[in-house]
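1. show me how the following folds:
(one chain, ligands or ions: 1)
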Amino acid sequence: MSQRLAVPEPTWEIDTDVVVLGSGAAGLSVALAARPVRDVILITKDTLAAGSTQWAQGGLAAVLDPNDSIENHVRDTLAAGAGLCNEAAVRTLVTEAPTAIRYLSRLGAAFDPGADGGIALTREGGHSHDRIVHAGGDQSGAEVQKTLDESVRLAGVRVVEHAFGIDLLIGINDQGQRCVAGVRVALLDENGDVESVGDITARAVVVATGGFGQVYASTSNPSAVTGDGIALALRAGVEIADIEFIQFHPTVLWTSADATGQQALISEAVRGEGAVLFDAAGERIMKGVHPQEDLAPRDIVAAAISKRMSESPAGVDDHVFLDARSIGERFATRFPSITAACLAAGIDPAHDLIPVAPAAHYACGGIRADLDGVTSLKGLFAVGEAACTGVHGANRLASNSLTEGIVAGTRVGRALSWSLPITVAPGLDERTSGLLPAEWRAELRSTMSKHVGVLRSPNGLLSARNTLERLQDKVGSDVIATRRSLEATNLLTVAVAVVAAATARTESRGCHRRTDFTEALPEWQRHLLVIDADGTIVAQ
Ligand SMILES: Cc1cc2nc3c(=O)[nH]c(=O)nc-3n(C[C@H](O)[C@H](O)[C@H](O)COP(=O)(O)OP(=O)(O)OC[C@H]3O[C@@H](n4cnc5c(N)ncnc54)[C@H](O)[C@@H]3O)c2cc1C
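-> Below is the predicted model:
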């Protein structure tokens, strides 16, 4: 039986063909491609640019250099994915990526030009060739967001901001199959309080709500990225896959143990300019760990930092330090936005050590779907970081995610233009479940950062599970629905799913690292599904 969250009864209803949840690269691409022939409503719980898309720095991966090839990009993606990519999905993504870039350009995206007058291409870790398209230097995501925002508005998509997708409405079709009939939505005021609850009935619901970085206290993701779409899918009995594979960025600015929200990335380029990592006792972290020392690959640096933090040098177990003082006064001109973030936290990188910690950055798993968004529930489509299409496998190749959002989003929108699922009336019985008071968010998030981060030990996973079980006891049907409490409840659901999957996967592969099973094992070269089986989340 599906569950739905305890919110006030709906007071309004709207009907449409397609409802899209989320306004990042993925959701906007769906809406834009479906709109010419469908009535499309796009709801987003904050303002249009509140998701991760706006913050993407590096760019979008696509083969545009004649010296590069589709095969090279496929090979690099499969290598990063550590045996768990779906090769057919990778091949489709990579083949359609150049078209996606040309499409964005024609919509008006101003990508940085190269010396030959074409689009400039750069290289990132894991790519064998230059194939990263960027805009405004490190403003690539913002350019994509702006371009799609304008295009969607011009195309006549009905956009509703401050509208929170709560739960799916489910009905039964003629063959007795469960189908999506729409989505329950809360309209929020500027404080995040619920103004009204209503139902949008639709032939197709598309979840494009992004990842779930906010499940962690340390994250590069903005505050809107709370895994809502994955949680609502779990409540509806939809399959989630590979959720244990979370990519951690080795260095975000650490400000305090109680820091919430998004944390500024301190890019690899700072280490590229000579900065060096130290622990709180003044010992170097990367010396002897990897031949490239502080410039080792991201996952190696993140793991080394986490290991050192777990040893609590000088009593400090939640951050380490980056010494960039050798860069001196040049730091401010070379890294203006990092300088601004540091100064805002009272740190002058030219003279002070920068406190840093690894942070949740990208969710490789999510709602199991193909590149056309099709999920295990009829009428439900998933796309972008909320989906698990097999493109990223156990680890994402840098800059493949924005490309995936555009390619898969456009495919889903086009498919829905051609044909819509049948109409079903909502009305399946659902069990109501209560909400977690928002005050427990901090404990949940710090538990996940401490115990289910880069390195996962059996004791840590058990401790996290115990804390989450205790938090599940705080869930109450009398808790008032607000954006914060709805998100807290979703964070808890996703955290339980991550812990279940990370506990079940007794190996280390891609970005999932266990201290007790340090190698990848052949018997684990398979996907792990997480489902909600009658109110209990299980990994299988
Ligand atoms: C700092 C940073 C740098 C990055 N750099 C790169 C890069 O260089 N290249 C790259 O490819 N990737 C990069 N990534 C990853 C990439 O940005 C994301 O994977 C991608 O933007 C996800 O797009 P999306 O549309 O799936 O989700 P998002 O852009 O996160 O959008 C999700 C949307 O859903 C909305 N939403 C969430 N919950 C609800 C709800 N309950 N109801 C209604 N709406 C909801 C949000 O408000 C938001 O509009 C970076 C990420 C970060 C955080």
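2. stretch 347-365 close to the ligand?
-> Yes. For stretch 347-365 and the ligand, the contact criterion (Cβ under 6 Å from any ligand atom) is met by residue 362. The way it works is simple: take the backbone N, C-alpha and C, and place the C-beta from them, glycine included.
3. ugh, wrong one, I meant stretch 381-392
-> Yes. Shown here: stretch 381-392 in contact with the ligand (Cβ under 6 Å from any ligand atom) through 384-386.
4. how about the contacts made by residue 231?
-> The contact partners of residue 231, by Cβ atoms under 8 Å, 6 or more residues apart in numbering, come to 489-491, 493-494.
5. which residue, other than its chain neighbours, is closest to residue 332?
-> Leaving aside its sequence neighbours, residue 332 sits nearest to residue 339 (Cβ to Cβ, 6 or more residues apart in numbering; 4.6 Å).
6. was I right about that neighbour contacting residue 327?
-> No. The criterion here is Cβ atoms under 8 Å, and residue 339 misses it with residue 327 at 10.5 Å.
7. show me whatever sits in contact with both of these two.
-> Listed as contacting both residue 339 and residue 327 by Cβ under 8 Å, 6+ apart are residue 349.
8. quick one: average confidence on stretch 144-158?
-> Stretch 144-158 shows a mean pLDDT of 97.
9. give the buried residues for that stretch.
-> Neighbour counts over stretch 144-158 (16 or more other Cβ atoms under 10 Å) mark 144-149, 151-152, 157 as buried.
10. next up, the contacts around the closest residue to residue 513 other than its chain neighbours.
-> Counting by Cβ to Cβ, 6+ apart, the nearest residue to residue 513 once its immediate chain neighbours are dropped is residue 455, at 5.4 Å. Going by Cβ under 8 Å, 6+ apart, residue 455 touches 303, 306-307, 310, 513-515.
11. neighbours around the residue in the stretch 301-450 of the chain that the ligand sits nearest to, how many?
-> For the stretch 301-450 of the chain and the ligand, the shortest gap (Cβ to the nearest ligand atom) falls at residue 384, measuring 2.4 Å. For residue 384, the number of neighbouring residues by other Cβ atoms under 10 Å comes to 35.
12. ok, the closest residue to it other than its chain neighbours to the ligand distance?
-> Using Cβ to Cβ, 6+ apart and skipping the chain neighbours, the partner closest in space to residue 384 is residue 26 (2.5 Å). Residue 26 is 3 Å from the ligand, where distance means Cβ to the nearest ligand atom, to the nearest Å.
13. pLDDT score assigned to residue 26?
-> 98.
14. residue 394 is in contact with residue 86, correct?
-> No. Proximity of residue 86 to residue 394 does not meet the contact threshold set by Cβ under 8 Å, at 11.9 Å.
15. which bits of the stretch 351-500 of the chain sit near the ligand?
-> So far as Cβ under 6 Å from any ligand atom goes, the stretch 351-500 of the chain lies against the ligand at 362, 384-386, 399, 401-402, 405.
16. repeat the analysis, applying 8 Å as the threshold.
-> Within the stretch 351-500 of the chain, the positions adjacent to the ligand are 361-363, 383-387, 398-405, 409, 486-487, 490 by Cβ under 8 Å from any ligand atom.
17. show me how this structure divides into domains.
-> According to automatic domain parsing, the chain is divided into the following domains: 2-241+364-418, 247-361.
18. what's the residue in the stretch 201-350 of the chain positioned nearest to the ligand in contact with, if anything?
-> In the stretch 201-350 of the chain, the residue found nearest to the ligand is residue 210; the distance is 2.6 Å by Cβ to the nearest ligand atom. Residues near residue 210 by Cβ under 8 Å, 6+ apart: 22, 24, 26, 51-52, 221, 224-225, 229, 384-386.
19. at which residues are the helices of the chain located?
-> Listed in chain order, the helices of the chain (DSSP state H) span 25-34, 70-80, 87-107, 140-154, 228-235, 268-272, 298-310, 330-334, 336-344, 400-418, 441-451, 458-472, 483-504.
20. was I right about residue 426 contacting residue 181?
-> Yes. The pair residue 426 / residue 181 is scored as a contact, 3.9 Å apart, by Cβ under 8 Å.
21. between residue 86 and residue 394, tell me which one has more neighbours.
-> Remark: of residue 86 and residue 394, residue 394 carries more neighbours, 27 against 20, as counted by other Cβ under 10 Å.
22. what about the residue lying closest to the more buried one once chain neighbours are set aside, how many residues nearby?
-> Once flanking residues are discounted, residue 394 sits nearest to residue 510: 2.5 Å by Cβ to Cβ, 6+ apart. Other residues lying near residue 510 total 24 when counted by other Cβ under 10 Å.
23. before we move on, what about the one 5 residues further on?
-> Taking other Cβ under 10 Å as the neighbour definition, residue 515 ends up with a count of 17.
24. max-length strand in this structure?
-> strand 194-207 (DSSP state E).
25. residue contacts, residue 397?
-> By Cβ under 8 Å, 6+ apart, residue 397 lies in contact with 61, 76-77, 79-81, 126-127.
26. for residue 12, which of the helices of the chain is the nearest?
-> When these are compared by Cβ to Cβ, helix 483-504 sits nearest residue 12, at 18.3 Å.
27. contact residues of the stretch 201-350 of the chain facing the ligand?
-> Going by Cβ under 8 Å from any ligand atom, the residues of the stretch 201-350 of the chain near the ligand are 208-211, 213, 219-222, 224-226, 228-229, 232, 249, 262, 265.
28. swap in 5 Å and give it another go.
-> 209-210, 220-221, 224, 228 (Cβ under 5 Å from any ligand atom).
29. what residues are shared contacts of residue 86 and residue 394?
-> In terms of Cβ under 8 Å, 6+ apart, residue 86 and residue 394 are not both contacted by any residue.
30. count of residues packed around the closest residue to the ligand within the stretch 51-200 of the chain?
-> As assessed by Cβ to the nearest ligand atom, the ligand sits closest to residue 51 within the stretch 51-200 of the chain, at 2.4 Å. Residue 51 has 32 neighbours, counted by other Cβ under 10 Å.
31. tell me, what's the model's pLDDT at it?
-> 98.
32. would you confirm that it contacts residue 22?
-> Yes. Residue 51 is in contact with residue 22 according to Cβ under 8 Å; the separation is 6.6 Å.
33. how many residues are close by the nearest residue to residue 381 once chain neighbours are set aside?
-> Of all residues not flanking residue 381 in the chain, residue 373 sits nearest, at 3.4 Å (Cβ to Cβ, 6+ apart). The local packing of residue 373 (other Cβ under 10 Å) involves 27 other residues.
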